[in-house]
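*Asks:* Build me a model:
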Amino acid sequence: MIGNFNSEFDKITDYWSPRVVAQVNDQYVKVAKVKGDLAWHKHDEEDELFYVVKGSVVIEYEGEAVTLNEGDFHVVPKGKMHNPVAQEECWIVLIEPVATKHTGDVVTEKTKSLADQLA
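*Replies:* This next block holds a predicted model:
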C-alpha cells in the first residue's frame, strides 16, 4: 500500500473529524484538519502523538501549554487532561492505539465515533 497525506487531507471537509488512513500493528494513523478548540479531555490508557503538517496548534494542559508548528510532533501522555486549539486551520497527523476514543470519556457535538473515523 502507498498512501499520500496530501491526497488524504484533500478529502477532509470538516474540522475535528479525524480519518483513519492506515494501521500499524495496534496503532491507527489518522489525519485531521483542526481549527478552534476541541474539548478538555484525557485518554486514561493511551498516549497520543500529534504531528503538524501545516499550520500550528496549541495543546493546552492544566497550567501550561505546548505550541506545535509545522514539522513539530508531541506526545500527549495517557491520563493527562488536554485541549488542542488552533487559531487558524492546521493539518495534523495523529498516531494512537486503535482503542483510543476521539475525546476520551467526554462527548461533545465534535466527538467522532470510531466508525465515523474509519468511513
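
*Asks:* What count of nearby residues applies to residue 54?
*Replies:* 16 (other Cβ atoms under 10 Å). Yep, even glycine has a C-beta here, placed from its N, CA and C like the rest.

*Asks:* Leaving out chain neighbours, which residue sits closest to it?
*Replies:* residue 91 (4.0 Å; Cβ to Cβ, 6 or more residues apart in numbering).

*Asks:* Now do the same contact list for residue 37.
*Replies:* Residues near residue 37 by Cβ atoms under 8 Å, 6 or more residues apart in numbering: 60, 83, 84, 85.

*Asks:* wait, which of those residues is closest to residue 74?
*Replies:* For those, the residue nearest residue 74 by Cβ to Cβ is residue 84; the value is 10.1 Å.

*Asks:* quick one, what contacts that closest one?
*Replies:* 34, 37, 38, 50, 57, 58, 59, 60.

*Asks:* Pull out the buried residues from these.
*Replies:* 34, 38, 50, 57, 58, 59, 60 (16 or more other Cβ atoms under 10 Å).

*Asks:* Give me the three-state assignment for residue 78.
*Replies:* Classification of residue 78 by DSSP: H, G, I helix; E, B strand; the rest coil places it in coil.

*Asks:* Doesn't residue 7 lie inside a helix?
*Replies:* Yes. Counting by three-state DSSP, residue 7 is located in a helix.
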